[in-house]
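S.K.: give me a model of this one.
(one chain, ligands or ions: 1)
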Amino acid sequence: MRWVFEEIAKDNWPLEHIRKMANKEGLKCERMNFWRLVRNPVYCGKIIIPQHNDEQMRLTDGQHEPLITETLFYEAQDVLEGRKRKKAALQVSLDELPLRTLISCPGCHRMLTGSKSKGKRLHYYYYHCVCGVRLSAPKCNDLFIKKLDEYAVRPEAVDLVIAVTTQVYKSRTHNDVEAKKMILADIENNTQKIAKARTLLLDDSIDADDFKAIKADCEAQIDRLEAKMANMKENPLAKMNINILIEKVIKGFVGLTERFKFADIKKKRQMVCSLFPEKLLFDGEAYRTPRPNLAAEAILLINNVLSGNKKGKEDYLKSLSLMVALK
Ligand SMILES: [Zn+2]
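M.R.: Numbering: from 1, shown residues only. Model (predicted):
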């Protein structure tokens, strides 16, 4: 099962292909059952406490030894969720129903589908769900534009966006750079030890057996460190030039709402999915998202600060970097 999660997180194969490969290795698992297994947090040491009276369903630490790390589990979940949304974004939809299958039902959290019905003179468009929920499409679309507006960068915010993007970039890449530096220093340290032992051997301060033992020990350490380094995931942010990142953020978020309004249906659906990599929950009056994309998150904060909250820029940057550090 650990192999399965690793393969999913690598995002190289379709889930069904991974299932077949795992079955060849002796897993014996049907398609539906497999689908449930790979979403079960029990593998990273959690157990599900089901919904009870007015208490929501939640996760808690189990007593058992986790088979995989929580990070790996959630990486795999991100890949599964992201694929689903990418697939959904590619589905064709009517111009009047840009959010079809991209937003969830306020009643039951299934994804809403949509259709048009004919009135006496006009067509009416609806988002609806198998549970019976039926919502006016123009109303849902307008509310979505309102949501989008929260993420649009206003001209007066551009400077702040540049400052914040730089800050976020630095905090997100800092740890990786530091971790690599530490591993390299450790490798260097072990290499030095071997050299030192060799000097001691030549001075007759230690005998050949001691030297061999020290050398083998250090070489084993170096192997382990090199493997660790090779396994470190390349942070996609680190490969990006900071100026290109800033340009992307500005281009992406200045005039966001207008661009959405005038985009064709295909582009609209792509925009929804890249801004909101996780599903949008619609409660009938407003949209919520468990996690917008990183840039959107930062801009939302900036806009909140600019509209009323009188905190100074510096204070704000501090709280933002704290937020990033906590992630
Ligand atoms: Zn429903």
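
S.K.: can you name the residues of the stretch 1-150 of the chain sitting close to the ion?
M.R.: By CB under 5 Å from the ion, the part of the stretch 1-150 of the chain that sits against the ion consists of Cys105, Gly107, Cys108, Arg110, Cys129, Cys131, Val133. All C-beta spots, glycine's among them, are computed from the backbone N, C-alpha and C.

S.K.: quick one: low-confidence parts of the protein?
M.R.: Counting by pLDDT under 70, the chain shows low-confidence ranges at 54-57, 172, 233-239, 294, 308-327.

S.K.: how is it divided into domains?
M.R.: Following automatic domain parsing, one finds the domains of the chain at 2-90, 103-143, 174-231, 239-326.

S.K.: before we move on, what SS does the residue nearest the centre of the chain have?
M.R.: Residue closest to the average C-alpha location in the chain (CA atoms, centre = their mean): Asp78, at 5.7 Å. The local conformation at Asp78, judged by DSSP: H, G, I helix; E, B strand; the rest coil, is helix.

S.K.: got a list of what it touches?
M.R.: Asp78 makes contact with Pro277, according to CB atoms under 8 Å, 6 or more residues apart in numbering.

S.K.: and the contacts of stretch 283-291?
M.R.: With contacts defined as CB under 8 Å, 6+ apart, stretch 283-291 is touched by 103, 106, 135, 143-144, 146-147, 276-282, 297.

S.K.: farthest pair within these?
M.R.: Leu135 and Glu297 (27.1 Å; CB to CB).

S.K.: the more surrounded of these two?
M.R.: Leu135 (20 against 17; other CB atoms under 10 Å).

S.K.: quick one: distance of the host helix or strand of Asp159 to the chain centre.
M.R.: Assigned by DSSP states H and E, Asp159 belongs to helix 158-202. Put simply, helix 158-202 sits 25 Å off its chain's centre (CA atoms, centre = their mean, to the nearest Å).

S.K.: with stretch 106-116 instead?
M.R.: Distance of stretch 106-116 from the chain centroid (CA atoms, centre = their mean) equals 24 Å.

S.K.: span of that stretch from start to end?
M.R.: With CA to CA, to the nearest Å applied, stretch 106-116 spans 20 Å between its terminal residues.

S.K.: what's it in contact with?
M.R.: Applying CB under 8 Å, 6+ apart, the contact partners of stretch 106-116 are 88, 93-94, 96-97, 99-105, 123-133, 135, 137, 279, 281-284.
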